[in-house]
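Q: Model the structure of this input:
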Amino acid sequence: MRAIRVQANGGPEVLELAEIEDPSPGPREVLVDVAAAGVNFIDTYQRSGVYDLALPFTPGSEGAGTVAEVGPEVTGFAVGDRVAWAMVPGGYAERAVIPADKLVRVPDGVDDRTAAAALLQGMTAHYLVTSTYPVKTGDSALVHAAAGGMGLLLTQLVKARGGNVIGTVSTPEKEKLAREAGADEIIRYTEADVAEEVRDLTDGRGVDVVYDGVGKSTFDASLASLRPRGMLVLFGASSGPVPPQDPQRLNSAGSVFLTRPSLAHHILTAEELAWRSGELFEWIGSGTLRITVGGTYPLADARRAHEDLEGRRTTGKLLLIP
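A: Numbers count the residues shown, from 1 in each chain. Next comes the predicted model:
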């Protein structure tokens with residue numbers, strides 16, 4: 001089969017299309033014909049070596065497709081079932097072996113590409129607004145990169161829970177997308193001081209929560225945008241990792257809270273995975289949550305997909321189509 005392989009850590013150029021042996025499922029594993037694989041920033045962290053994976057490896061932490069074969073001791077799945085997964089490497093390939101307990105069924109009302117585009121970022125947005133900082137009516141949230149895949153989802157879910165969204169974007173086109181997703185206010189971070197604008201928009205109070213998946217370039221503004229005892233949720237680092245910080249900064253910022261969560265720790269049990277994915281698919285089916293696919297690429301163009309993602313030339317979710 002064809003797969004993208006990483007033989008050495010580095011930039012997008014290390015993503016190589018290769019012919020490799022077809023995998024076989026072992027005990028409690030399922031072989032899936034991959035219909036679409038999501039492209040996420042975690043894939044770039046693994047490719048570059050920021051997140052360490054044993055070399056060589058096939059990247060791709062999310063996908064959807066059809067069960068081709070089930071291994072021994074697998075119950076609950078059969079050949080022909082439509083399934084999706086997240087936080088399991090190996091999706092940039094025509095076929096992937098996935099632990100059965102990491103798979104979820106894709107309901108009839110959701111197509112494969114939507115499922116592949118939704119699961120990792122969708123469940124991340126779910127835990128961010130329901131568990132990390134449970135948004136309630138009247139809360140204000142600053143959402144960085146509001147026109148990106150995560151930003152569009154967070155904006156919609158904060159609004160669905162009765163919150164108000166201030167989004168940051170870089171262009172008029174991205175502002176239009178963020179406003180269509182429900183953002184109440186937009187700050188062009190290329191043209192204005194984000195923290196000052198947030199203070200102006202909140203009558204000097206600051207926001208209750210900042211959802212920051214950008215990291216290094218936004219951290220200071222995020223901290224300065226919070227109300228006293230607000231929460232900075234640092235869930236990614238698309239601009240690079242945040243340098244070490246003196247905890248005293250949290251005091252001087254107003255006794256604020258800082259957390260660095262990850263999806264893996266929020267789907268630790270089968271019950272939690274079923275809850276988050278189930279609500280996500282319900283929201284998609286009801287129209288509460290709209291999934292925006294910003295670009296699709298052939299498997300061979302994985303390098304270009306990473307270049308576009310890291311170059312911030314994209315909106316919505318990117319997919320590889322084997």
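
Q: so where do the helices sit in the stretch 1-150 of the chain?
A: 41-48, 112-127, 149-160 (DSSP state H, counting those that start in this stretch).

Q: Apart from its neighbours in sequence, what residue is nearest D301?
A: Once flanking residues are discounted, D301 sits nearest to L320: 7.6 Å by CB to CB, 6 or more residues apart in numbering. Every C-beta, even on glycine, is put in place using the N, C-alpha and C of the backbone.

Q: next one: V242
A: That would be F219: by CB to CB, 6+ apart, it lies 4.7 Å from V242.

Q: Distance of that neighbour relative to G49?
A: Distance, F219 to G49, using CB to CB, to the nearest Å: 22 Å.

Q: contacting residues around the residue nearest to the spatial centre of the chain?
A: Per CA atoms, centre = their mean, the C-alpha nearest to the average position across the chain is that of Q121, at 3.0 Å. Taking CB atoms under 8 Å, 6 or more residues apart in numbering as the criterion, Q121 is in contact with G38, N40, G149, M150, L153, K317.

Q: Bridged to the last one, which residues?
A: What that stands for is K317. Beta-bridge partners recorded for K317 (DSSP bridges): V293.

Q: Could you give the number of residues near it?
A: 29 (other CB atoms under 10 Å).

Q: same check, this time on the third one
A: Around G149 there are 30 other residues, counting by other CB under 10 Å.

Q: That one contacts L309, doesn't it?
A: No. Counting by CB atoms under 8 Å, G149 stays clear of L309, with 9.1 Å between them.

Q: what do those two both touch?
A: Common neighbours of G149 and L309 (CB under 8 Å, 6+ apart) are L318.

Q: re earlier: could you list which residues are in contact with the residue nearest to V242?
A: F219 touches D212, L234, V242, Q245, counting by CB under 8 Å, 6+ apart.

Q: now the last one: how far from L234?
A: By that I understand Q245. Relative to L234, and taking CB to CB, Q245 is found at 10 Å.

Q: ok, the two, which is more surrounded?
A: Set side by side, Q245 and L234 show more neighbours around L234, with 21 against 12, by other CB under 10 Å.

Q: Between the two ends of stretch 71-91, how far is it?
A: This stretch, stretch 71-91, spans 18 Å end to end (CA to CA, to the nearest Å).

Q: Next: stretch 289-305.
A: 24 Å.

Q: ok, now stretch 47-59?
A: Terminal-residue distance, stretch 47-59 (CA to CA): 7 Å.

Q: how about that stretch: buried residues?
A: R47, S48, F57, T58, P59 (16 or more other CB atoms under 10 Å).

Q: Using PDB, write out the CA atom coordinates for stretch 72-82.
A: Output in PDB follows, covering the C-alpha atoms of stretch 72-82 (Å, rounded to 0.1, in the frame of the first residue of the first chain):
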ATOM      1  CA  PRO A  72      -8.800 -11.600  17.200                       C
ATOM      2  CA  GLU A  73     -10.700 -10.600  20.400                       C
ATOM      3  CA  VAL A  74     -12.500  -7.700  18.600                       C
ATOM      4  CA  THR A  75     -16.100  -7.200  19.500                       C
ATOM      5  CA  GLY A  76     -18.500  -4.500  18.400                       C
ATOM      6  CA  PHE A  77     -17.000  -4.000  14.900                       C
ATOM      7  CA  ALA A  78     -17.400  -5.900  11.600                       C
ATOM      8  CA  VAL A  79     -16.100  -5.600   8.100                       C
ATOM      9  CA  GLY A  80     -18.000  -2.800   6.300                       C
ATOM     10  CA  ASP A  81     -18.600  -0.600   9.300                       C
ATOM     11  CA  ARG A  82     -17.800   3.100   8.900                       C
END
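
Q: Buried residues, that stretch. List them.
A: V74, F77, D81, R82.

Q: and if you look at stretch 3-18?
A: A3, I4, R5, V6, P12, V14, L15.

Q: What of stretch 221-234?
A: Here stretch 221-234 shows A221, S222, L223, A224, S225, L226, R227, G230, M231, L232, V233, L234 as buried, counting by 16+ other CB under 10 Å.

Q: Mind checking the pLDDT average for stretch 35-42?
A: Across stretch 35-42, pLDDT averages out at 96.

Q: Output that stretch as PDB - backbone C-alpha positions only.
A: Taking Å, rounded to 0.1, in the frame of the first residue of the first chain, the C-alpha atoms of stretch 35-42 are listed here in PDB:
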ATOM      1  CA  ALA A  35     -11.200   7.400   3.200                       C
ATOM      2  CA  ALA A  36      -9.700  10.600   4.600                       C
ATOM      3  CA  ALA A  37      -7.100  11.600   7.100                       C
ATOM      4  CA  GLY A  38      -7.100  14.900   9.000                       C
ATOM      5  CA  VAL A  39      -4.100  17.200   9.000                       C
ATOM      6  CA  ASN A  40      -3.400  18.700  12.400                       C
ATOM      7  CA  PHE A  41      -0.700  20.700  14.100                       C
ATOM      8  CA  ILE A  42       0.100  17.700  16.300                       C
END
